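[1] Test case, fold it:
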Amino acid sequence: MALAGDKNEILGEHGFPSASNLHRSRDKTEDGEDDSKTTGFESCFDQPVDSSVHEIIKLTPSSLPAKHYDAETTEPISCGLSSMDELLSWNRSKANSFNVAVVPLALREPRLVNCLRRTLVSHDMMGGYLDDRFVQGTNSEAPYAFYHWQYIDIFNYFTHQLVTIPPAVWTNAAHKHGVIVLGTFITEWTNGAAMCEAFLKDEESYRAVADKLVQISQYYGFDGWLVNIENALSFSTWCR
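    You can find the predicted model right below:
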């Protein structure tokens, strides 16, 4: 109990008015007016309870094909293009925004154009797109890696898909050390020969392929292509 003049006031913990006193602050005065109006005090216990607050969560399905996500973990992954139809129909709406490199190419001294000898390392590793395919990293204890970027001028990510787009983890690492990155455009075996005959038949056809390759490299942030023709070409194709 604490004395306040000739009135007794009940104090709660730490000396603040107890809940019963707060509630009584809404009692009317002797002249019939609401006591809260005269004192300017309103208790939080008198506030209406709003029970209509809801959180709405909307899940928007991804517009990317399923191949851009790992089947087991659903994590975003890097992948290439396996057919000429995929290549010629490629556009930004079908691109994997997760796989865009974000590290700009660092300057090197001497500049690559001034080097008489250049070293290219080709990442031809068990078919490619292994642990390094995971855009957000992997828990693998022993992923393939190397630590001699200072001796490399060009890094090529290689697979046997028609169009190999380098995983962003490699492009970011190479660019950090001033190393340019190439994807791979490859044709091979009988199917490759037929493919070459088709896209090399005239200038319009091979320019369409070249334009798509340029668009892809610009979108994903790497620096160009290794073109690897591993199949026979007819004499007429060579003469075009």
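
[2] Do a quick rundown of the strands in the chain.
    Listed from the start of the chain, the chain has strands (DSSP state E) covering 2-4, 7-9, 120-124, 154-158, 163-164, 180-188, 224-230.

[3] In CSV: the ones you listed, plus distance to residue 217 and mean neighbour count.
    (Glycine included, C-beta is placed from N, CA and C.) Written out in CSV, the entries for the strands of the chain read as follows (distance: least, CB to CB, whole Å; neighbours: other CB atoms under 10 Å):
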stretch, distance to residue 217, mean neighbour count
strand 2-4, 79, 8
strand 7-9, 79, 9
strand 120-124, 16, 15
strand 154-158, 12, 22
strand 163-164, 10, 24
strand 180-188, 6, 21
strand 224-230, 6, 15
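
[4] Kindly reformat these as TSV containing mean pLDDT.
    Formatted as TSV, the entries for these read as follows, by pLDDT from 0 to 100:
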stretch	mean pLDDT
strand 2-4	48
strand 7-9	50
strand 120-124	94
strand 154-158	97
strand 163-164	98
strand 180-188	97
strand 224-230	97
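
[5] Tabulate those strands (JSON lines), appending distance to residue 89.
    Listed next are the strands of the chain as JSON lines, based on distance: least, CB to CB, whole Å:
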{"stretch": "strand 2-4", "distance to residue 89": "82"}
{"stretch": "strand 7-9", "distance to residue 89": "81"}
{"stretch": "strand 120-124", "distance to residue 89": "27"}
{"stretch": "strand 154-158", "distance to residue 89": "22"}
{"stretch": "strand 163-164", "distance to residue 89": "12"}
{"stretch": "strand 180-188", "distance to residue 89": "16"}
{"stretch": "strand 224-230", "distance to residue 89": "19"}
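
[6] Now for residue 114: which residues touch it?
    When the contact criterion is CB atoms under 8 Å, 6 or more residues apart in numbering, residue 114 has no partners at all.

[7] what's the nearest residue to the spatially most central residue of the chain if we skip its chain neighbours?
    Against the mean C-alpha coordinate of the chain, by CA atoms, centre = their mean, the closest residue is residue 98 at 2.7 Å. Leaving aside its sequence neighbours, residue 98 sits nearest to residue 76 (CB to CB, 6 or more residues apart in numbering; 3.8 Å).

[8] what's the pLDDT at that neighbour?
    The pLDDT attached to residue 76 in the predicted structure is 92.

[9] Could you check how far the residue nearest to residue 78 when sequence neighbours are not counted is from residue 212?
    Closest residue to residue 78 in three dimensions, ignoring its sequence neighbours and counting by CB to CB, 6+ apart: residue 167, at 3.8 Å. Residue 167 sits 20 Å away from residue 212, going by CB to CB, to the nearest Å.

[10] So these two - more neighbours on which side?
    residue 167 (27 against 20; other CB atoms under 10 Å).

[11] who's in contact with the residue nearest to residue 159 when sequence neighbours are not counted?
    With sequence-adjacent residues excluded and distances taken as CB to CB, 6+ apart, residue 159 is closest to residue 128, at 3.5 Å. With CB under 8 Å, 6+ apart as the criterion, the residues that contact residue 128 are 157, 158, 159, 161, 164.
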